[in-house]
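>>> sharing a model prediction with you, sequence too.
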Amino acid sequence: MNRRNFLKTAGAAGAGLFLMPNTLYSALQNSPYTRADFGPDWQWGVATAAYQIEGAWNEDGKGESIWDRFSHTKGKIKGKDTGDVACDFYHRYPQDLELMARLNIPNNRFSLSWSRILPEGTGKVNPKGIDFYHKVIDKTLELGMEPWVTIFHWDLPQALQDKGGWMNRESIGWFSEYANLVTREYGDKVKNWMVLNEPMAFVSLGHLLGWHAPGKKGFGKFTAAAHHASMVQAEGGRIVRANVSNANVGTTQSVSFVDPYKDKPGQQKTARRLDAMLNRIFIEPSLGLGYPFEELPYLQKKIDKVIQPGDLDKLKFDFDFIGLQTYSREVFRHVPIVPVIHALRQSPKKRGHELTEMGWEVYPEAIYQTLKKFNAYPGVKKIIVTENGAAFPDKVEGDQVHDAKRTQFIQDYLGQVLRAKQEGMRVGGYFVWSFMDNFEWAEGYKPRFGLVHVDFETQKRTVKDSGIWYRDFLAGK
Ligand code: FCB
């Protein structure tokens, strides 16, 4: 069903329309845009990540990653799920990429598994791992799509974790070896590169809260990992630029729109502190602005322990684009006794908006606000929305999945992206997370983000209505 049919069907529901949630109703009235409104240079795509789709966790010489170890540890992943098989993309990539092309998708964002290429993280190269990504890249190109490669999307080799992982300063050297290898290997075919996926997410979830691999907890661990990942972010940028001719080099950031709990100075200050914590620690050093110590004095004490002379300069890199990934909004209440952040997160349930399967508030304006925030940095040359999308429960009916909420979510968020573009912001692309349902980290397989449904028992793919909508939208319908 294309967008117009979708509108017609919704309209045919007649009085039923008034029973729809407000967001749905308003968007049906207010999103009269087409692909052409975004202009001819706009980059459209879908995104995935190696550990979330590939499976084949120990095949053809692949080494263990921290996500293999973590998902094999009791009690870490909901439903005892693992990425051992996932979408079996490792074996099914030809058909999956053909399906992607049939959906008219011009750009395929995916990540490389470090331990598939370098099983021990450094040293001995696995030729079958190298070969696998050549095949994925070749097939992508052969089908008329462009590969957009994320060098690191969270699956650090376990062998490196055993030496301290991101908390060890040597991680800068380990990553450089890996990044040099892959950019030299694939650089003649791949022009679009992203160094890291959401450093704030993997550093905090994995080293402060312990919810993700490698399951570490503590502010000292967090700051050490954050500083080294920040160094790697810039170093990776330099490596891509040195090894790839005509590279389009970026890195991605998770960005949360933080709204004050109340319109009072104390609460606004709290919102600024949380904004600094969630959104500024990785982008600002790369722009030469240093860490946001003014809002986060405690961070300074910890960073002082790991920073070395000359690092501030090395943290800088002039990326061609920043990948922005916003899904929702956050609200924090000032609570002085909470250490470091002096705040507690308000449950999104309290705000009366619809929530996704992840428990994230549906709040389309969040993406506009985060684009505005990043656009305000003069050093950010261009922004690409490298991930956005939603998990809702899906039901397969025959060979269809009527996921009206996901389609609506994408239409509403995209409408806000268009608003930003029309106001002259430097935003130039949009990638849906995700091409197909996959392993959603600690949440396992339950939250489904795909435009394509995956039956994890049979590996059957079913294009959802949202996928059909995106296909027709990309066709200019
Ligand atoms: C992002 C991650 C991605 C996926 C989506 C839902 O934070 O980059 O791998 O899990 O969230």
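Sure thing, it's come through. Predicted model only: the values in this text are computed from it and were never measured. Numbers count the residues shown, from 1 in each chain.
>>> isn't Val340 right up against Tyr298?
Yes: contact criterion Cβ atoms under 8 Å: Val340 and Tyr298 qualify, at 5.2 Å. Where you see a C-beta, it was placed from the backbone N, CA and C, and this is true even at glycine.
>>> can you give me the strands for the stretch 1-150 of the chain?
With DSSP state E, counting those that start in this stretch as the criterion, the stretch 1-150 of the chain has strands at 43-47, 107-111, 146-152.
>>> how about the ones you listed in a markdown table, adding distance to the ligand and mean neighbour count?
A markdown table is the format used below for the strands of the stretch 1-150 of the chain (distance: least, Cβ to the nearest ligand atom, whole Å; neighbours: other Cβ atoms under 10 Å):
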| stretch | distance to the ligand | mean neighbour count |
| --- | --- | --- |
| strand 43-47 | 8 | 24 |
| strand 107-111 | 9 | 26 |
| strand 146-152 | 9 | 24 |
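>>> joint contacts of Val340 and Tyr298?
Phe219 (Cβ atoms under 8 Å, 6 or more residues apart in numbering).
>>> tell me which residues touch whatever residue of the stretch 201-350 of the chain ends up closest to the ligand, please.
Distances between the stretch 201-350 of the chain and the ligand by Cβ to the nearest ligand atom are smallest at Ala201, namely 5.1 Å. Ala201 sits next to 212, 254 when contact means Cβ under 8 Å, 6+ apart.
>>> what of Lys74?
Contacts of Lys74 by Cβ under 8 Å, 6+ apart are Lys80.
>>> cool, and Leu278?
200, 254-256, 258, 330.
>>> filter those residues down to the ones in helices?
Among the contacts of Leu278, the members falling in helices (DSSP state H) are Met200.
>>> quick one: which of the contacts of Leu278 is most hemmed in?
Neighbour counts for those peak at Val255, which has 29 neighbours (criterion: other Cβ atoms under 10 Å).
>>> my guess is that one contacts Thr326. True?
Yes: Val255 is in contact with Thr326 according to Cβ under 8 Å; the separation is 5.0 Å.
>>> need the overlap of contacts for these two.
Common neighbours of Val255 and Thr326, using Cβ under 8 Å, 6+ apart, are Thr370.
>>> how about the residues of the chain by the ligand?
Selection of the chain residues close to the ligand by Cβ under 6 Å from any ligand atom yields 49, 52, 197-198, 201, 254, 325, 387, 433, 440-441, 449.
>>> grab the most central residue of this structure for me.
Glu387 (4.9 Å; Cα atoms, centre = their mean).
>>> what sits against the closest residue to the ligand within the stretch 351-477 of the chain?
Nearest residue of the stretch 351-477 of the chain to the ligand: Trp433, at 5.1 Å (Cβ to the nearest ligand atom). Applying Cβ under 8 Å, 6+ apart, we find Trp433 in contact with 46-47, 325, 387-389, 449.
>>> would you mind measuring from it to Val335?
32 Å (Cβ to Cβ, to the nearest Å).
>>> please apply the same query to Val149.
42 Å.
>>> start and end of stretch 55-72, how far apart?
Using Cα to Cα, to the nearest Å, the gap from the first to the last residue of stretch 55-72 comes to 13 Å.
>>> quick one: the helices in the stretch 201-350 of the chain?
In the stretch 201-350 of the chain, the segments counted as helices under DSSP state H, counting those that start in this stretch are 219-243, 265-275, 283-286, 297-306, 311-314.
>>> nope, the stretch 351-477 of the chain is what I was after
Here the stretch 351-477 of the chain has its helices, by DSSP H, counting those that start in this stretch, at 365-375, 404-422, 465-474.
>>> any chance of those helices in JSON lines, with mean pLDDT, mean neighbour count and distance to Ala101 too?
Formatted as JSON lines, the helices of the stretch 351-477 of the chain follow (pLDDT from 0 to 100; neighbours: other Cβ atoms under 10 Å; distance: least, Cβ to Cβ, whole Å):
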{"stretch": "helix 365-375", "mean pLDDT": "98", "mean neighbour count": "21", "distance to Ala101": "27"}
{"stretch": "helix 404-422", "mean pLDDT": "98", "mean neighbour count": "21", "distance to Ala101": "20"}
{"stretch": "helix 465-474", "mean pLDDT": "97", "mean neighbour count": "21", "distance to Ala101": "10"}
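>>> what's near enough to touch the closest residue to Phe110 other than its chain neighbours?
Leaving aside its chain neighbours, Phe110 sits nearest to Thr48 (5.1 Å; criterion: Cβ to Cβ, 6 or more residues apart in numbering). If a contact means Cβ under 8 Å, 6+ apart, then Thr48 has 89, 109-111, 434-436, 438 as its contacts.
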